[in-house]
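Novice: sequence and predicted structure below; questions after.
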Amino acid sequence: MRLGVNVDHVATLRQARRTFEPDPVAAAYAAERGGAAHITIHLREDRRHIQERDLEILSRTVATGIDLEMAATPEMVAVALTYRPTFVTLVPERREELTTEGGLAVADHRERLTEIVAELNNGGVPVSMFVEPSEEHVVASREAGAAAVELHTGGYANASSADRAVRREELAAAARFAASLQLKVAAGHGLTYYNVQPVASIPEVEELNIGHSLVARAMFVGVEEATRQMVALMQEARRGL
Ligand code: PXP
């Protein structure tokens with residue numbers, strides 16, 4: 001199972017002062033040393049954290065791979081085709097949200113998304129869709145030409161303890177369904193050192209993308225060690241399978 005380390009919030013801290021530190025490029029290097037399988041960044045329309053400069057440098061310095069999370073817009077397709085990340089994850093984006101609050105409603109925007117996926121694929125960039133754990137959006141992702149889905153784990157992460165098992169089962173069922181359609185399956189959002197293992201133990205989930213909790217821990221133990229600790233928890237969960 002692979003861990004994508006999302007370094008957006010290293011850039012959030014830098015942008016709080018519009019200065020040069022801390023640098024997400026340095027964080028990416030430390031995450032790779034700690035066992036990250038790739039580096040995840042979200043270049044938002046409002047550029048609130050990651051800047052094009054970061055993508056430009058990371059695309060030359062990252063040794064593992066880059067997952068570029070982005071809105072499904074012509075502007076962002078042009079950016080992706082310029083830097084050619086390892087893959088793109090299409091996410092919904094609203095300016096007023098604190099973070100990506102829901103999955104992409106693929107079934108409601110089939111035509112436009114099919115065109116965007118084709119443009120990216122023609123440029124050699126595979127596409128993953130960030131979706132709620134529902135069959136409707138998983139199957140629509142497959143039909144739109146995506147190679148992978150990332151299941152939104154926010155519902156699971158925010159669930160009350162009484163509801164958590166149900167939300168985990170929802171994720172497991174969506175992962176099984178996606179894998180049966182030959183889609184690669186990732187998951188992420190709101191995962192922490194305390195709630196990651198039940199998701200990491202879903203056999204069809206091959207990858208997790210984790211940002212906030214990992215960067216928060218990194219303040220105390222450093223990015224390399226925070227990554228190592230998360231990878232260890234994921235591996236422990238997989239061994240229990
Ligand atoms: N995956 C996707 C598609 C996301 O948009 C985000 C947040 O940028 C994450 C994973 C990471 O979420 P978190 O920061 O809550 O770990």
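Specialist: Thanks, I have it. Residues are numbered from 1 along each chain as shown.

Novice: which parts of whichever strand or helix holds residue 15 are buried?
Specialist: Counting by DSSP states H and E, the element that carries residue 15 is helix 8-17. Residues of helix 8-17 classed as buried: 8-12, 14 (neighbour count, 16 or more other Cβ atoms under 10 Å). All C-beta spots, glycine's among them, are computed from the backbone N, C-alpha and C.

Novice: quick one: contacts of that helix?
Specialist: Helix 8-17 has contacts (Cβ atoms under 8 Å, 6 or more residues apart in numbering) with 20-24, 27, 40-42, 48-51, 54, 211-212, 215-216, 223.

Novice: pull up the residues of the chain that are close to the ligand.
Specialist: 6, 8, 42, 69, 89, 91, 99-100, 130, 150, 188-191, 209-213 (Cβ under 6 Å from any ligand atom).

Novice: out of the residues you listed, list just those in strands.
Specialist: Residues of the residues of the chain next to the ligand located in strands (DSSP state E): 6, 42, 69, 89, 130, 150, 188, 209-210.

Novice: which of those sits closest to residue 156?
Specialist: Closest approach to residue 156 among these (Cβ to Cβ): residue 188, at 10.7 Å.

Novice: burial of the closest one, as a residue count?
Specialist: For residue 188, the count of nearby residues is 27 (other Cβ atoms under 10 Å).

Novice: ok, now which ones touch it?
Specialist: By Cβ under 8 Å, 6+ apart, the contact list for residue 188 reads 4, 6, 150-153, 208-210.

Novice: just give the nearest non-adjacent residue to the residue nearest in space to the middle of the chain, would you?
Specialist: Nearest residue to the geometric centre of the chain (Cα atoms, centre = their mean): residue 209, 4.3 Å. Leaving aside its chain neighbours, residue 209 sits nearest to residue 188 (3.6 Å; criterion: Cβ to Cβ, 6 or more residues apart in numbering).

Novice: could you do residue 106 as well?
Specialist: Residue nearest to residue 106 in three dimensions, not counting chain neighbours: residue 140, with 4.0 Å by Cβ to Cβ, 6+ apart.

Novice: can I assume the one you found sits in a helix?
Specialist: Yes - the assignment for residue 140 by DSSP: H, G, I helix; E, B strand; the rest coil puts it in a helix.

Novice: which ones are touching it?
Specialist: If you count contacts by Cβ under 8 Å, 6+ apart, residue 140 has them with 106-107, 110, 113.

Novice: swap in 7 Å and give it another go.
Specialist: Residue 140 makes contacts with 106-107, 110, as judged by Cβ atoms under 7 Å, 6 or more residues apart in numbering.

Novice: what does the helix or strand hosting residue 53 contact?
Specialist: Assigned by DSSP H and E, residue 53 belongs to helix 52-61. With Cβ under 7 Å, 6+ apart as the test, helix 52-61 has contacts from 11, 24-25, 28, 39, 41, 43, 66, 68, 79, 83, 85.
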